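Q: A structural model of the following input is requested.
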Amino acid sequence: MSPAGPLLCSAAGAALAGLAMGLVVPRLPEPPPTPPDGWAKPRYATLGTARHVALVSAAGGVAGAVVGLQPSVQWPLLLALAGPGAALVGVDALTTYLPLGLTRWCWVLAGVGLAVPGPGVVPRAALAGLATAALFWLVWRLGAGLGFGDVRLAPLVALSGAVDSWTACYLALLFGSLLGVSWGLVTTLWRRHHPHPLGNVFPYGPSLWLGLWPALLLA
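A: Residues are numbered from 1 along each chain as shown. A predicted model of the protein is given here:
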């Protein structure tokens, strides 16, 4: 396989992630204030630092390289998650918030990219997205610890995998869930001896996002 595809998509993923983190995130409106709990969420305006931009650009570049190994018709959709999606989960990692404004941008870009592979994949992707949204909404509604931002992100991961195949969709959600559970256990054990104002709360978005890329490689 020619390296042109992975190199091109890696550069695109890194650039999109860096632009989103450096230009979009600092301009996002802040969410309504929550009751004081000893922990203050970093303001979005403070997140566009060179260090944060470099970190999410690196993540977007690695994800973009995986995108470049897929059929080229899938690139526009997957780059929406590799680029702006990397910035979105980067914000989650720093703040435990998945900002609605950036989530909407990811959905809009993914919706445009979804039209490229052709109408044959749209029903499968739509079904995967709807089923995943219903499942995660139910988990959220039952108070199992998910934030509603995760309910918005999970269908995007599912339909991105489903554009490739049902196998990629299933593996993406499986890997994301396993990563989330593993990180949750590590967080719980660590904070048992190192108390944190957030208690056992931890960002789940990065795990969901990370699960997609090995799923695409394996599927």
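Q: which residues does W183 contact?
A: W183 is in contact with 202, 207, counting by Cβ atoms under 8 Å, 6 or more residues apart in numbering. (Glycine included, C-beta is placed from N, CA and C.)
Q: what about it, which helix or strand?
A: Assessed by DSSP states H and E, W183 sits inside helix 166-193.
Q: in this protein, what residue sits furthest out from the centroid?
A: Most distant from the centre of the chain: H193, at 29.5 Å, with distances by Cα atoms, centre = their mean.
Q: Could you measure from it over to N200?
A: Counting by Cβ to Cβ, to the nearest Å, the gap from H193 to N200 is 13 Å.
Q: Would you quantify the distance from R104 to G184?
A: From R104 to G184 the distance is 27 Å (Cβ to Cβ).
Q: Which one's more surrounded, the two?
A: Comparing R104 with G184 by other Cβ atoms under 10 Å, the one with more neighbours is G184, at 16 against 11.
Q: For that one, which non-adjacent residue is closest in space?
A: Leaving out its chain neighbours, the residue that sits closest to G184 by Cβ to Cβ, 6 or more residues apart in numbering is F202, at 6.0 Å.
Q: My read is that the one you found contacts T187, right?
A: Yes: using Cβ atoms under 8 Å, F202 is in contact with T187, at 4.4 Å.
Q: out of the two, which sits in the busier spot?
A: Neighbours around F202 and T187, counted as other Cβ under 10 Å, are more numerous at F202. The numbers are 21 against 17.
Q: Helix, strand, or coil at the more buried one?
A: Secondary structure, DSSP: H, G, I helix; E, B strand; the rest coil: F202 is coil.
Q: Pull up the per-residue confidence for it.
A: Looking at F202, its pLDDT stands at 86.
Q: Against T96, how distant is it?
A: Applying Cβ to Cβ to F202 and T96 gives a distance of 7 Å.
Q: If we ignore the residues flanking it in sequence, what's nearest L88?
A: Distances taken as Cβ to Cβ, 6+ apart put L102 closest to L88, at 5.0 Å, once the chain neighbours are dropped.
Q: Please identify the helix or strand for the one you found.
A: Element membership for L102 (DSSP H and E) is helix 100-114.
Q: Tell me which other helices or strands the helix or strand that that helix is followed by touches.
A: Heading C-terminal from helix 100-114, the first helix or strand you meet, by DSSP H and E, is helix 122-141. In terms of contacts (3 or more Cβ pairs under 8 Å, 6 or more residues apart in numbering; DSSP states H and E), helix 122-141 is packed against helix 148-164, helix 166-193.
Q: which of the residues in helix 122-141 are buried?
A: 124-125, 128-129, 132-133, 136-137, 140 (16 or more other Cβ atoms under 10 Å).
Q: Closest one to P206 out of those, please.
A: Using Cβ to Cβ, F136 comes nearest to P206 of those, at 15.7 Å.
Q: OK, contacts around that closest one?
A: Contacts of F136 (Cβ under 8 Å, 6+ apart): 146, 150-151, 154-155.
Q: wait, which of those residues is closest to L173?
A: Among the contacts of F136, A154 lies closest to L173 (Cβ to Cβ), at 7.3 Å.
Q: distance of the nearest residue in space to the closest one that is not next to it in sequence from R104?
A: Leaving aside its sequence neighbours, A154 sits nearest to F136 (Cβ to Cβ, 6+ apart; 4.5 Å). Going from F136 to R104 by Cβ to Cβ gives 17 Å.
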